[in-house]
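Asks: Please find the sequence and the predicted model below.
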Number of protein chains: 4
Amino acid sequence: MAENTCRQGQTPCAYTRKIYYYETDNMGIVHHSNYIRLMEEARMDFMGRAGYEYRGMEELGIIMPVTYVKAKYIKPLHFDDVVHVKTRLIFFNGIRAFFDYQIFREGDDTPSAEGESGHCFLDTATRVPVNIKKRCPQFYARAMEIQEKDK
Amino acid sequence: MAENTCRQGQTPCAYTRKIYYYETDNMGIVHHSNYIRLMEEARMDFMGRAGYEYRGMEELGIIMPVTYVKAKYIKPLHFDDVVHVKTRLIFFNGIRAFFDYQIFREGDDTPSAEGESGHCFLDTATRVPVNIKKRCPQFYARAMEIQEKDK
Amino acid sequence: MAENTCRQGQTPCAYTRKIYYYETDNMGIVHHSNYIRLMEEARMDFMGRAGYEYRGMEELGIIMPVTYVKAKYIKPLHFDDVVHVKTRLIFFNGIRAFFDYQIFREGDDTPSAEGESGHCFLDTATRVPVNIKKRCPQFYARAMEIQEKDK
Amino acid sequence: MAENTCRQGQTPCAYTRKIYYYETDNMGIVHHSNYIRLMEEARMDFMGRAGYEYRGMEELGIIMPVTYVKAKYIKPLHFDDVVHVKTRLIFFNGIRAFFDYQIFREGDDTPSAEGESGHCFLDTATRVPVNIKKRCPQFYARAMEIQEKDK
């Protein structure tokens, strides 16, 4: 399960939880929309582990809405499965951020799903784009550092 | 289907839509949490038909959070079923409001589910309770009128 | 609003509904995962209008799981907005199907969001891929016809 | 925080997780329907800790649908709050089961919400009620034992 272990020098890697019953659908598998939610959970967790909680960003008056999302469903997930989500920051320039995700069912070497998300940064009050480099230099520095490691 | 028809003098009665695929679960039926959401849709629709849109209330700086909710599940609902939700305002005094709901599958004389919800009114900014009689006298008058009809 | 009207000779075009309160999030806008659900609603509606209900396909022992999904979020949507979803079948060969979607807020000429979804066809019991051309020739013929029109 | 600690001799008590962003709504608080889902997560967790996983019950061909649900919302919950859910089996006779729930925000002595759920047991294939005493005597014995402790 080498794929599913942390790479050296990275932020601690996986977000783990069980699949909930309400995430399943009539096909007896996890509904595809719920992977998008799971990716959000993993992204928030990743940001917290990286030293910048999303909650803190909102407290500074900045929101990070999703501008783009993609998911590829490879193998179905079922109720009570334990899943590990590996998140990476693949692009960040202070104005836009892109993450990618691999979702593994516990015990599997290959991912059950893969995804990506794109984000911008807006002022909560005005909804105008902000540059994180100016507005939150500490966050900017930390995100640049993570991005380097994730390469 | 007398039960499912409008009573004379009432606000137009039922909110109707199909069941979505993503509302079903591993049992092949609508997940119980989604009835609570359907009740919200029906309540919002009821308020709009009654002449006071919930959106308008929020624009006046008032929110109407849920303080209580109850549902009784009688017969399961499935994907693509057409459902009719009958909503009534059963109590309103300007400070608290209670609604009840009957959810019918199209063609059925007896409800598939029944529910209730309780609400208070808060100032959006301060989250302090407000009295609708003082804050929105027109809404108060309209709600009192509906409540009378619903008895 | 030429963009938002039906093209001649097509299946009737848009799926319309209001945004529900429970679809909004802390940013005061529709949560991005809910667009994926809205796309599913529109796809099911499109299939029904095209003469082949998804429910009917499941009754024949075939499921059409999502293998891929993509969404681009252009302008935010809010509670109570009326949205029109235009769906097209952009590829179908009996083994795979791809749809695309444009989500318009009522009154807007340009989409608030765009999306795509990919699907395969599986036998419900065995979860083995099936060829719709052999298994449901009528559905195959109808889908090929729609695909042509959508070009 | 005596209220929030385990009582002696009970099954390990609380189910804990953070609030997800997608659980919030336009009011900036957790949408009321999501408490019903959180109660389900806690119930499944409780059953697992009690020695009878719900998944195992479904593998025996039995489902445990919800026949009744109730929630009282006392204090709002927000994104990233850590919540502890205390679950108890308050009634069980092999045919029906009732659970109650207290949801605490970490650090609070008093609950943010309280709830109840009622359940029956059905054969998955026939959807006919089953008596757990006959069908799963081990589960019955274990549930009776838990119920005694919870009194």
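Replies: That came in fine, so what should we check first? Residues are numbered from 1 along each chain as shown, chains lettered A, B, ... in the order given.
Asks: So which residues on chain A come close to chain C?
Replies: Chain A comes close to chain C at residues A:26-27, A:29, A:32-34, A:36-37, A:40, A:58, A:63, A:65-73, A:76, A:124, as judged by C-beta under 8 Å from any C-beta of the partner chain. Just so you know, the C-beta spots here come from the backbone N, C-alpha and C atoms, and that holds for glycine as well.
Asks: Which parts of chain A are strands?
Replies: Ranges of strands within chain A are A:14-18, A:62-63, A:66-73, A:82-92, A:96-105, A:113-120, A:122-123, based on DSSP state E.
Asks: can you put the ones you listed in JSON lines and add mean neighbour count?
Replies: Output for the strands of chain A, formatted as JSON lines (neighbours: other C-beta atoms under 10 Å in any protein chain shown):
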{"stretch": "strand A:14-18", "mean neighbour count": "17"}
{"stretch": "strand A:62-63", "mean neighbour count": "19"}
{"stretch": "strand A:66-73", "mean neighbour count": "21"}
{"stretch": "strand A:82-92", "mean neighbour count": "21"}
{"stretch": "strand A:96-105", "mean neighbour count": "21"}
{"stretch": "strand A:113-120", "mean neighbour count": "20"}
{"stretch": "strand A:122-123", "mean neighbour count": "16"}
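Asks: So for chain D, which of those sits nearest?
Replies: strand A:14-18 (7.6 Å; C-beta to the nearest C-beta).
Asks: Remind me what that closest one packs against, helices and strands.
Replies: With contacts taken as 3 or more C-beta pairs under 8 Å, 6 or more residues apart in numbering or on different chains; DSSP states H and E, strand A:14-18 sits against helix A:33-49, strand A:82-92.
Asks: near chain D, which residues of chain A?
Replies: Residues of chain A lying close to chain D by C-beta under 8 Å from any C-beta are A:17, A:20-22, A:37, A:40-41, A:44, A:53-55, A:58, A:79-80.
Asks: Selecting buried members of those in ChimeraX, what would you type?
Replies: With 16 or more other C-beta atoms under 10 Å in any protein chain shown as the criterion, this ChimeraX line picks the buried residues out of those:
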select /A:17,20,21,22,37,40,41,44,54,55,58,79,80
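Asks: Now flag whichever of the residues of chain A next to chain D is closest to residue B:144.
Replies: Distance ranking of the residues of chain A next to chain D against residue B:144, using C-beta to C-beta, places residue A:22 first at 38.1 Å.
Asks: surely residue A:131 meets residue A:92?
Replies: No - with contact defined as C-beta atoms under 8 Å, residue A:131 does not count as touching residue A:92 (11.8 Å).
Asks: and the helix or strand of chain A with the lowest mean pLDDT, what does it pack onto?
Replies: Among the helices and strands of chain A, helix A:137-150 carries the lowest confidence by mean pLDDT, DSSP states H and E, at a mean of 85. Using 3+ C-beta pairs under 8 Å, 6+ apart as the contact definition, the elements that helix A:137-150 packs against are strand A:82-92, helix A:132-135.
Asks: Save these as a markdown table, and put in mean pLDDT and distance to residue D:111 too.
Replies: Formatted as a markdown table, the entries for the helices and strands packed on helix A:137-150 read as follows, by pLDDT from 0 to 100; distance: least, C-beta to C-beta, whole Å:
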| stretch | mean pLDDT | distance to residue D:111 |
| --- | --- | --- |
| strand A:82-92 | 96 | 29 |
| helix A:132-135 | 94 | 38 |
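Asks: so which of those comes closest to residue A:109?
Replies: When the helices and strands packed on helix A:137-150 are ranked by proximity to residue A:109 (C-beta to C-beta), strand A:82-92 comes first, at 11.7 Å.
Asks: can you list contacts of that closest one?
Replies: A:4, A:13-19, A:38-39, A:41-43, A:45-46, A:50, A:77, A:97-106, A:112, A:116, A:143-144, A:146-147, A:150 (C-beta atoms under 8 Å, 6 or more residues apart in numbering or on different chains).
Asks: ok, 7 Å please
Replies: Contact partners of strand A:82-92, identified using C-beta atoms under 7 Å, 6 or more residues apart in numbering or on different chains, comprise A:4, A:13-19, A:38-39, A:42-43, A:46, A:77, A:97-106, A:143-144, A:146-147, A:150.
Asks: which residues touch the residue nearest in space to the middle of chain A?
Replies: Against the mean C-alpha coordinate of chain A, by C-alpha atoms, centre = their mean, the closest residue is residue A:43 at 2.5 Å. Shown here is residue A:43, whose contacts under the criterion C-beta under 7 Å, 6+ apart are A:87, A:99, A:117.
Asks: ditto for residue A:36
Replies: Listed by C-beta under 7 Å, 6+ apart, the contact set of residue A:36 reads A:69, A:71, C:32, C:33, C:36.
Asks: ok, back up a step: among the strands of chain A, which comes closest to residue D:137?
Replies: Checking those against residue D:137 by C-beta to C-beta gives strand A:14-18 as the closest, at 27.3 Å.
Asks: Tell me if I'm right that residue A:120 and residue A:129 touch.
Replies: Yes - at 5.9 Å, residue A:120 counts as touching residue A:129 under the criterion of C-beta atoms under 7 Å.
Asks: Mutual contacts of those two, please.
Replies: residue A:95.
Asks: Any idea how many residues pack against residue A:131?
Replies: Around residue A:131 sit 12 other residues, with neighbours defined as other C-beta atoms under 10 Å in any protein chain shown.
Asks: Skipping its backbone neighbours, what lies nearest it in space?
Replies: Leaving aside its sequence neighbours, residue A:131 sits nearest to residue A:94 (C-beta to C-beta, 6 or more residues apart in numbering or on different chains; 5.0 Å).
Asks: Residue A:66 too?
Replies: Setting aside the residues directly before and after it, residue A:66 is nearest to residue C:32 in space (C-beta to C-beta, 6+ apart), at 4.1 Å.
Asks: Need the pLDDT of the one you found.
Replies: Residue C:32 carries a pLDDT value of 98.
Asks: Relative to residue A:90, how far out is it?
Replies: Applying C-beta to C-beta, to the nearest Å, the value for residue C:32 to residue A:90 is 18 Å.
Asks: likewise residue A:23?
Replies: Taken as C-beta to C-beta, the span from residue A:23 to residue A:90 is 26 Å.
Asks: which residue lies farthest from the center of chain A?
Replies: residue A:26 (26.9 Å).
Asks: Need phi/psi at that one.
Replies: Main-chain torsions, residue A:26, degrees, to the nearest 10: phi -50, psi -20.
Asks: got a list of what it touches?
Replies: The neighbourhood of residue A:26, defined by C-beta under 7 Å, 6+ apart, consists of B:21, B:24, B:28, B:79.
Asks: okay if I get these as TSV plus pLDDT?
Replies: Below are those laid out as TSV (pLDDT from 0 to 100):
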residue	pLDDT
B:21	98
B:24	98
B:28	97
B:79	98
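Asks: need the residues of chain A near chain B, please.
Replies: Counting by C-beta under 7 Å from any C-beta of the partner chain, chain A comes close to chain B at A:21, A:22, A:24, A:25, A:26, A:28, A:31, A:33, A:79.
Asks: In helices only, show me those.
Replies: Mapping those onto helices (DSSP state H) picks out residue A:33.
Asks: Of the residues of chain A next to chain B, which is the nearest to residue C:139?
Replies: Out of the residues of chain A next to chain B, the one with the shortest distance to residue C:139 is residue A:26. That distance is 19.0 Å, counting by C-beta to C-beta.
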